[in-house]
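Asker: Structure, please.
(one chain, ligands or ions: 1)
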Amino acid sequence: MQKLIYLSGYSEPIQQQAQRLLNEGKLDHYLLKRYPQAHSIKTDAQLYDYTQQLKQRYMKKASPLRKVCFDSKVSVEHHALGLNAHITRVHGGKLKANHEIRIDPCFKHCPEEFLRMIVVHELAHLKERQHNKAFYQLCSHIEPDYFQLELDLRLMLTLQTQQHKKLYE
Ligand SMILES: [Zn+2]
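Answerer: A predicted model of the protein is given here:
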């Protein structure tokens, strides 16, 4: 059995089930049935607006976002899908916190639900730096399907890397 790197955080039964769906060629169908459409957010400006809308709605009080963009260095250098930078600079004697969110460009080609999941993840880091219980509670509060979406996103990435299939191009 090939190692399913995107699913390594899941239990053995889940990994086996994913492998079975993959072997039987049923993963495409599973994903396309649940998530028939790709979103249309392709530029950094669109991604910024999308993220701001979610922030305004759920995390109004968190510190402002200086930058939100797609960045191909995210996954290669950090083995992550999204990245959060907290930059503190001195402005006229005052400390000013700035946040940047960088998202792997693979999220240009996916259903809107998966993009939302990763944006919610990065927004939640504005409040909770660590991946602790409070962090995941916040994620699930903003997006009730957070855990299911993360699993399904990882199934899509598994399909893409193992069978070089792109479902949402
Ligand atoms: Zn994180």
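Asker: check which helix or strand covers the residue nearest to the spatial centre of the chain.
Answerer: Closest residue to the average C-alpha location of the chain: Ile118 at 2.1 Å, with CA atoms, centre = their mean. Using DSSP states H and E, Ile118 maps to helix 112-124.
Asker: cool, and Lys3?
Answerer: With DSSP H and E as the test, Lys3 turns up in no helix or strand.
Asker: all helices for this structure, in order.
Answerer: 12-23, 27-34, 44-58, 73-78, 112-124, 133-142, 146-163 (DSSP state H).
Asker: shaky segments in this structure?
Answerer: Segments of the chain classed as low confidence (criterion: pLDDT under 70) are 1-2, 76-79, 85-97.
Asker: Kindly recompute the last result at 80.
Answerer: 1-3, 75-98 (pLDDT under 80).
Asker: How about the residue nearest to the centre of the chain: what's its closest non-neighbour residue?
Answerer: Among residues not flanking Ile118 along the chain, Gly82 sits closest, at 4.9 Å (CB to CB, 6 or more residues apart in numbering). Using the backbone N, CA and C atoms, a C-beta is placed for each residue, glycine as well.
Asker: measure the one you found to Asn132 for me?
Answerer: Distance, Gly82 to Asn132, by CB to CB, to the nearest Å: 17 Å.
Asker: more neighbours, the two?
Answerer: Remark: of Gly82 and Asn132, Gly82 carries more neighbours, 21 against 9, as counted by other CB atoms under 10 Å.
Asker: how about the more buried one, what does it touch?
Answerer: Contacts for Gly82 were tallied using CB atoms under 8 Å, 6 or more residues apart in numbering; they are Val74, Ile101, Arg102, Ile103, Asp104, Ile118, Val119, His121, Glu122.
Asker: who's in contact with the last one?
Answerer: Translated: Glu122. Thr51, Gly82, Leu83, Asn84, Ile101, Ile103.
Asker: residues near the third one, how many?
Answerer: Number of residues near Leu83 (other CB under 10 Å) recorded here: 18.
Asker: Excluding sequence neighbours, find me the nearest residue to it.
Answerer: Arg102 (4.4 Å).
Asker: still on that earlier bit, return the helix holding Ile118 as CSV; C-alpha atoms alone will do.
Answerer: Output of helix 112-124 as CSV, limited to C-alpha atoms (Å, rounded to 0.1, in the frame of the first residue of the first chain):
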residue,chain,number,x,y,z
GLU,A,112,-15.7,26.8,-2.9
GLU,A,113,-16.2,24.6,0.2
PHE,A,114,-12.5,23.6,0.3
LEU,A,115,-11.3,27.2,-0.2
ARG,A,116,-13.6,28.3,2.7
MET,A,117,-12.2,25.6,4.9
ILE,A,118,-8.6,26.7,4.4
VAL,A,119,-9.5,30.4,4.8
VAL,A,120,-11.4,29.6,8.0
HIS,A,121,-8.3,27.7,9.2
GLU,A,122,-6.0,30.7,8.6
LEU,A,123,-8.5,33.2,10.0
ALA,A,124,-8.8,31.1,13.2
